[in-house]
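Participant: Curious how this folds, go ahead:
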Amino acid sequence: MQPDDFIWLTDIVDKIKREHQVEPYEVEEVFAGRPRIFRGPKGHYPGEDVYYASGSTDAGRYLFIVYIKKRDRRALILSARDMTLKERRRFGRK
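Facilitator: Residues are numbered from 1 along each chain as shown. Prediction:
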């Protein structure tokens with residue numbers, strides 16, 4: 001599910017910048033490309049499930065992103081970090 005827009009909560013933006021050195025524009029670049037998207041666990045609300053996305057930024061950085069797909073097709077970003085070596089290998093096989 002490719003989101004139409006993004007929901008950025010200040011606390012989460014601060015966390016991904018501080019802990020993972022990921023900027024919001026990098027997350028949006030991943031979705032602008034061709035990310036691999038996997039469905040995660042069911043959400044607490046009907047129609048709002050957790051998804052995982054893997055992809056690369058324009059600069060070639062490989063990111064793993066966790067988000068909730070909202071009913072209005074926006075993505076509430078929960079986390080973003082660099083892919084592990086194992087994740088990068090798996091992503092390269094797509």
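
Participant: and the closest residue in space to residue 36 that isn't next to it in sequence, how many neighbours does it have?
Facilitator: Spatial nearest neighbour of residue 36, chain neighbours left out: residue 54 (4.7 Å); criterion: Cβ to Cβ, 6 or more residues apart in numbering. In this view, the C-beta of every residue, glycine as well, is placed from N, C-alpha and C. Residue 54: 19 surrounding residues under other Cβ atoms under 10 Å.

Participant: Which elements pack onto whichever strand or helix holds residue 54?
Facilitator: For residue 54, the element it lies in under DSSP states H and E is strand 50-56. Secondary-structure packing of strand 50-56 (3 or more Cβ pairs under 8 Å, 6 or more residues apart in numbering; DSSP states H and E): helix 24-32, strand 36-39, strand 62-69, helix 85-92.

Participant: Which secondary structure elements does the last one sit against?
Facilitator: Where contact means 3+ Cβ pairs under 8 Å, 6+ apart, helix 85-92 is packed against strand 50-56, strand 62-69.

Participant: Could you identify which of the ones you listed is most buried?
Facilitator: Among those, strand 62-69 has the highest mean neighbour count (mean count of other Cβ atoms under 10 Å), at a mean of 21.

Participant: now the protein, which segments are flagged as low pLDDT?
Facilitator: Residues of the chain meeting the criterion pLDDT under 70: 1, 93-94.

Participant: List the buried residues in the lengthiest helix in it.
Facilitator: Ranked by residue count and defined by DSSP state H, the top helix of the chain is helix 10-20. Within helix 10-20, the residues scored as buried using 16 or more other Cβ atoms under 10 Å are 12-13, 16.

Participant: again with stretch 69-81
Facilitator: 69-70, 75-80.

Participant: Distance from the chain centre to it, please.
Facilitator: The gap between where stretch 69-81 is centred and where its chain is centred comes out at 7 Å by Cα atoms, centre = their mean, to the nearest Å.

Participant: Now do that stretch: everything it contacts.
Facilitator: With contact meaning Cβ atoms under 8 Å, 6 or more residues apart in numbering, stretch 69-81 is reached by 1, 3-9, 12, 15-16, 19-20, 22, 24, 26-27, 31, 47-51, 63-68.

Participant: sorry, back to before: now for the longest helix of the chain, which elements pack on it?
Facilitator: Using 3+ Cβ pairs under 8 Å, 6+ apart: helix 10-20 touches helix 24-32, strand 74-82.
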